[in-house]
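K.L.:
Sequence plus predicted model, see below.
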Amino acid sequence: MNCELEFKSGVGRKEKMSDLEVVALSLTAEFMSIDSENSLFKEINNQQIPNLIERSQFNKRRRKLFLFLEEVRIKLASHFLEFEDYFIVDSMPLEICKFARHNRIKI
């Protein structure tokens, strides 16, 4: 896998956290079942990660790196598939419309 995510020209402000650090923090949060940036940033502090960026910057950078994160997930899953026959998916019901609108929904 190519770990060089973007070409950096060296012009402008130096980023506090690299793209790989953002990816690593995002995947670690998923592993720890932390699904929101608010929860993640309540759990960690600047002493644990000295170059931690602000929550809004983290969220923006994570969205920008979405395709790379998906590539990492696919590669990780392919390694797990070699050894397992069964998988458990932990999910929760998600309301997509109010029950009062169920007759009009087109999904």
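P.N.:
The structure has been received and is ready for your questions. Numbering: from 1, shown residues only.

K.L.:
Nearest spatial neighbour of the spatially most central residue of the chain, chain-adjacent residues omitted?
P.N.:
With distances taken as CA atoms, centre = their mean, Ser26 lies nearest the centre of the chain, 4.1 Å away. Take Ser26 and drop its neighbours on the chain: the residue closest to it by CB to CB, 6 or more residues apart in numbering is Arg62, 5.2 Å away. Using the backbone N, CA and C atoms, a C-beta is placed for each residue, glycine as well.

K.L.:
I'd like the next helix or strand past the helix or strand hosting the one you found.
P.N.:
Arg62 is part of helix 55-64 when elements are defined by DSSP states H and E. As assigned by DSSP H and E, the chain's next helix or strand after helix 55-64 is helix 66-81.

K.L.:
Now that next one: average pLDDT?
P.N.:
For helix 66-81, mean pLDDT rounds to 85.

K.L.:
Which of the residues in it are classified as buried?
P.N.:
Within helix 66-81, the residues that count as buried by 16 or more other CB atoms under 10 Å are Phe68, Leu69.

K.L.:
What is it packed up against?
P.N.:
Helix 66-81 sits against helix 19-31, with contacts defined as 3 or more CB pairs under 8 Å, 6 or more residues apart in numbering; DSSP states H and E.

K.L.:
tell me which residues in the helix it packs on are buried?
P.N.:
Within helix 19-31, the residues that count as buried by 16+ other CB under 10 Å are Asp19, Glu21, Val22, Val23, Leu25, Ser26, Ala29.

K.L.:
Could you double-check that Asp19 lies in contact with Leu69?
P.N.:
No - counting by CB atoms under 8 Å, Asp19 sits too far from Leu69 to count as a contact (10.4 Å).
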